[in-house]
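>>> Sequence first, predicted model second:
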Amino acid sequence: MSQFAHDVVEKLQRTSAARRLLDVTETEVDDVLRAAGVATTSTVPTPQSLQLTKVRFGGSHRPPLPATNTGPTPTPAGSPFEFNWNPGPGLNGLGSARNLRGKSTVLEVILWALRGTCGVQDDVAKYIDYVDVGFAISGAPIWVEFTVINEQPVGKVLGGTSPVVQLASFETKSEFATAMAEVMMPRLQLPTIPTFSSVSGAYEHAWPSYAGALAITVAGLDILIGDHKFGLPARLLQMFIGTPWATTKAQAQTARKSLEAEIAAHNERIEIADASRTNHRAAAQAALNTALAALAASPDPSADLATAEAAVDNVQRLSNLIATAEIQHADLRTRIVAMEAEKTEEQRRQHQLLEDALAVKFFNRHQPTMCPRCTSPVTNDQRKEEAAGHACSVCHEELDLDAFAADLLIASTTDETTRRSAIAGAKLVAATSPETGTDHDEPEDPVDILTALETAINEASKQITAIETNLRHWRDEREQSLILATPANLNNSSRHEAELAVARAQGALDALTVPSPAVAADSGHVETLRRHARILAAADDLSGERVTEGQRNALNGIADRVTALARSFGMDALTKVEITGSPSLKAYKSGVPVNYSKITRGEQLRLKVALAVALLHTADDTGIGRHPGLLLVDSPAAEELAQENVDAMVRALADAVDAVAGSQVIIATRNVDLLNDLLDDRNRRIADADGYLW
Amino acid sequence: MAPATRAQHAIRLLVLLSVAGEPVTTPPDPTEAVLAIRSERRLQALDFWLRNPDYLADEIVSAVVAGNLDSSLLAEADEMLNSKEPSLRHCPMPRWFYGAYEPIDDAMSLLEAHGLAIPARIGIPGNVRQTQFFLTAAGQRAGAEIAAEPGPLQWYPRQASFVALVAGKDSGSRLKDRQYKQAEYAGTELGSTIGSIHAQVRVRLREAQEKAA
């Protein structure tokens, strides 16, 4: 019989009449607590340390650099990249003189491997192909290795030295989260934090909350402090401080709420057995009538079979017609396009011919005056020779007589094609000139092609329209046939459903008509439940009292430390800090209380860092508490803080890390000089000038 | 599409001389001269716009947008791009070292032989320093005939008037620089014909028309 059970018994006997249980024994209390999974001893957890030993990640395509980059780029976007670092114990730093150089990404990747869920920004995450992170839990090595395939992490968790064994493997995001929880929680001796949800019944938060609490980022650590109203952060704080009895209280509270929910459900059932039953019965009868009507309305499957078969045949026939027509349609379209192109080409050709002939005719109207090459003048005699059709007046070559007949001056030595083309052109001119007066009497060859093409195009267009009309008809018909073709299945299932609905409605009605035997049996059970609920309530209250007591001292100590630290970070107006058990952090500036959410981001950050440092110290001071000693701090200079304040924060972190054995802090900052001052080569990674960290 | 013939080329040069030529002073210009184009570069550049209505339309749009030409000319640009005729009128030129270039010797000979134009080269073949082209009185009359006679050739003097409007008094080098601003033009490989910019101009024209509306 546990001491705790004894104390619970005492409490139950002393409590107010409504909750008193005089006949309860320690044995019964122990049994109830054990059955509900409530620990009867205060667990004093021994701190386990968690350290990062290695972080390596990379991809085959480097992400493009942000637009603000003006410095030299170490490697161009698109080439493979890798970041590989083995940080040491104590304080480590990631530095770059400018923002957006990958510092936060490194921290996010570490958290990704630690937590099993990815917080890396999407636009960077998609470039990361593989991640390989090593941890040490109180010295025992753990490795998390995975590649990203189709946005899912695929990999394994390994542990041990020789031999190295596989602890878990995963292929999806949810498997990864589960794997990390299952590996990390027991090794860090962290209990799962039970919380009760009235929606889903009891359920438990676990590893992601812990892991998330290890990071101080712009949004992080809000999970531990901040104006929260629900229970989770309280428990996290309790866990990290290591308040004894916190687990017991949480478990007792959860078990109690779960029981109370069951009792409430029972009460609801009894309500049904009341006078209001008449209403329910009427409703159930109405439901049954509706279901019967639906059943009557659903058609008889057998008669539709013949229609269905005919419809299926029709669908096939129409499908063939449609397919053939579609092919014809496509063919015609192609032909039309080709013919249009031919037509344009022909029009151009004819135009060219005409224009050239006109131009030539134009020049032939003018008399040449001299040879342009040798300036020898053209004499009247030479002109006469030309006019008679014998020789060119400029170059004296013999003229072609056929061409001359068509009013063209072409040497007899000209090649056949040129001669023909020129004559054709002249004929075209003659045909289209207004003097002839007979526009209808067009020469055969050139224009015929055009007319032929136009006719063919029109024909084809008409055919296409006809096909389209047919297609429309056939497609509509096929739609309708499809509907008719599937009645056999559809109607069968809808009838089946109607039958089921009737059965259900009938059953519901019957249940209401007969007095429920279950209700009677239930009452005895409910009494037991009520009794157990009282025991658990007493256990809950008792452990709660102990928690508050133990916590008060720890919280006071922490609050004092936080105040001192935050002031050293430049929060001069801060006079006092109060951390209540809820927890909420109340800051007093110049004596006036201010809520957490009402102070500036810069001040919030200072408080968070101060709190983290205080927690680290507390774990060390008291020898209890579960903070694993790992802290990731992102860009304390991101918030508008003066340089000396950032220095003070980093130095405070450095001091905390020195003071607390087995702790490790990884800080990402723009304050590169400070990192160079404080840290050895092994403990820092700094980007060159304007360059990227990886 | 068959390349333009010598006679067509000659018609174009004749029309350009009549419409885009500048006044002469004799002496030093030849006594028979009536109008002049003072460099071959300018003549080739003018011919380019005459042969490529899409590029000319683009220049009109630019001039209207810059406020140098009245927006009523956008209607002309529209005609140039969208009516059927211009596709018949599109006569691409190859690009050489100094821009779009087609040897004019044969066409100019035709004009010279008939006493319509006088080319005057300063320098020797292979090292020509300057070429000027003069229109004679007979040439000017011939130009007027083309404009007056109904038929397909009438298009040339009309179109040339727009070319003259767009070119203004710019020298040959200046015109060439303007034409080089077109990426399609500048990007053409030496010896290849300069491609069409029809699509882009259509878009610009629509925008300009909307703004003017």
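Looks like it arrived, so ask away.

>>> who does the helix or strand that contains A:Glu175 touch, helix- and strand-wise?
For A:Glu175, the host element (DSSP states H and E) is helix A:173-187. Using 3 or more CB pairs under 8 Å, 6 or more residues apart in numbering or on different chains; DSSP states H and E, the elements in contact with helix A:173-187 are helix A:103-115, strand A:140-149, strand A:152-159, strand A:165-170, helix A:207-213. Any C-beta I mention is one placed from the backbone N, CA and C, and that applies to glycine too.

>>> Check those for me and report the most buried one.
Of all the helices and strands packed on helix A:173-187, helix A:103-115 carries the top mean neighbour count, a mean of 24, counting by mean count of other CB atoms under 10 Å in any protein chain shown.

>>> Taking their axis directions, that helix and strand A:140-149 sit at what angle?
110 degrees (axes from the mean of the first three to the mean of the last three CA atoms, to 10 degrees).

>>> any idea how far helix A:103-115 is from the chain center?
Here helix A:103-115 is found 18 Å from its chain centre; the criterion is CA atoms, centre = their mean, to the nearest Å.

>>> on that earlier part again, contacts for the helix holding A:Glu175?
A:48, A:114-118, A:137, A:140, A:142, A:144, A:146, A:152-153, A:155, A:157, A:159, A:167-170, A:190, A:192, A:206-208, A:210-211 (CB atoms under 8 Å, 6 or more residues apart in numbering or on different chains).

>>> Go again with 10 Å.
A:48, A:50, A:112-118, A:135, A:137-138, A:140, A:142, A:144, A:146, A:151-159, A:167-170, A:172, A:190-192, A:206-208, A:210-211, A:628 (CB atoms under 10 Å, 6 or more residues apart in numbering or on different chains).

>>> What segments of chain B are strands?
B:22-23, B:33-37, B:95-96, B:99-100, B:117-124, B:127-136 (DSSP state E).

>>> Mean neighbour count and mean pLDDT added to those, as JSON lines?
JSON lines is the format used below for these (neighbours: other CB atoms under 10 Å in any protein chain shown; pLDDT from 0 to 100):
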{"stretch": "strand B:22-23", "mean neighbour count": "10", "mean pLDDT": "92"}
{"stretch": "strand B:33-37", "mean neighbour count": "21", "mean pLDDT": "94"}
{"stretch": "strand B:95-96", "mean neighbour count": "18", "mean pLDDT": "82"}
{"stretch": "strand B:99-100", "mean neighbour count": "23", "mean pLDDT": "82"}
{"stretch": "strand B:117-124", "mean neighbour count": "15", "mean pLDDT": "80"}
{"stretch": "strand B:127-136", "mean neighbour count": "17", "mean pLDDT": "84"}
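
>>> Which one, of the ones you listed, ends up nearest to A:Asn86?
Closest to A:Asn86 of these is strand B:95-96 (CB to CB; 61.5 Å).

>>> Show residues contacting that closest one.
So strand B:95-96 is contacted by B:44, B:48, B:101-103, B:179-180, B:185-195 (CB under 10 Å, 6+ apart).

>>> List buried residues within these.
B:Gln44, B:Phe48, B:Tyr101, B:Glu102, B:Gln179, B:Tyr185, B:Thr188, B:Ile194 (16 or more other CB atoms under 10 Å in any protein chain shown).

>>> if we can go back for a sec, and the angle for the helix holding A:Glu175 with strand A:152-159?
20 degrees.

>>> I'd like to know the average pLDDT value across helix A:173-187.
Per-residue pLDDT values across helix A:173-187 average out to 85.

>>> how much does that helix deviate in direction from strand A:165-170?
140 degrees.

>>> so which of the buried ones among the contacts of strand B:95-96 would you say is closest to chain A?
When the buried ones among the contacts of strand B:95-96 are compared for distance to chain A (CB to the nearest CB), B:Glu102 wins out at 15.7 Å.

>>> What residues does the nearest residue to that closest one once chain neighbours are set aside make contact with?
What sits nearest to B:Glu102 in space, not counting adjacent residues and going by CB to CB, 6 or more residues apart in numbering or on different chains, is B:Met93, at 5.4 Å. Neighbouring residues of B:Met93 by CB under 10 Å, 6+ apart: B:3-4, B:44, B:47-48, B:51-52, B:99-102, B:185, B:188, B:193-194.

>>> Now do A:Arg495 against A:Gly507, distance only.
19 Å (CB to CB, to the nearest Å).

>>> With neighbour numbers in mind, choose between these two.
A:Arg495 (17 against 12; other CB atoms under 10 Å in any protein chain shown).

>>> Can you check what pLDDT the model gives that one?
71.

>>> Likewise for A:Glu145?
93.

>>> these two touch, right, it and A:Gly134?
Yes: at 9.0 Å, A:Glu145 counts as touching A:Gly134 under the criterion of CB atoms under 10 Å.

>>> can you list residues touching both of these two?
A:Arg56, A:Ala113, A:Leu158.

>>> and which of those residues is nearest to B:Gly151?
Of the shared contacts of A:Glu145 and A:Gly134, the one sitting nearest to B:Gly151 (CB to CB) turns out to be A:Arg56, at 81.8 Å.

>>> did I read that right, that closest one in a strand?
Yes: applying DSSP: H, G, I helix; E, B strand; the rest coil, one finds A:Arg56 inside a strand.

>>> Verify the stated contact: it with A:Ile128.
No: using CB under 10 Å, A:Arg56 makes no contact with A:Ile128, being 11.1 Å away.

>>> For those two, list the residues in contact with both.
A:Phe83, A:Val109.

>>> Phi and psi next, for the residue nearest to B:Glu102.
phi -110, psi 150 (degrees, to the nearest 10).

>>> And it, how far from B:Glu189?
Applying CB to CB to B:Met93 and B:Glu189 gives a distance of 14 Å.

>>> how many neighbours does A:Ala411 have?
16.

>>> Skip the chain neighbours and tell me the closest residue to it.
Per CB to CB, 6+ apart, closest to A:Ala411 is A:Glu397, 4.2 Å.

>>> Hmm, the one you found is touching A:Thr413, no?
Yes: the criterion here is CB under 10 Å, and A:Glu397 meets it with A:Thr413 at 6.4 Å.

>>> In terms of neighbours, single out the busier of the two.
Using other CB under 10 Å as the criterion, A:Glu397 and A:Thr413 rank with A:Glu397 on top: 14 against 8.

>>> Thanks a lot, see you next time.
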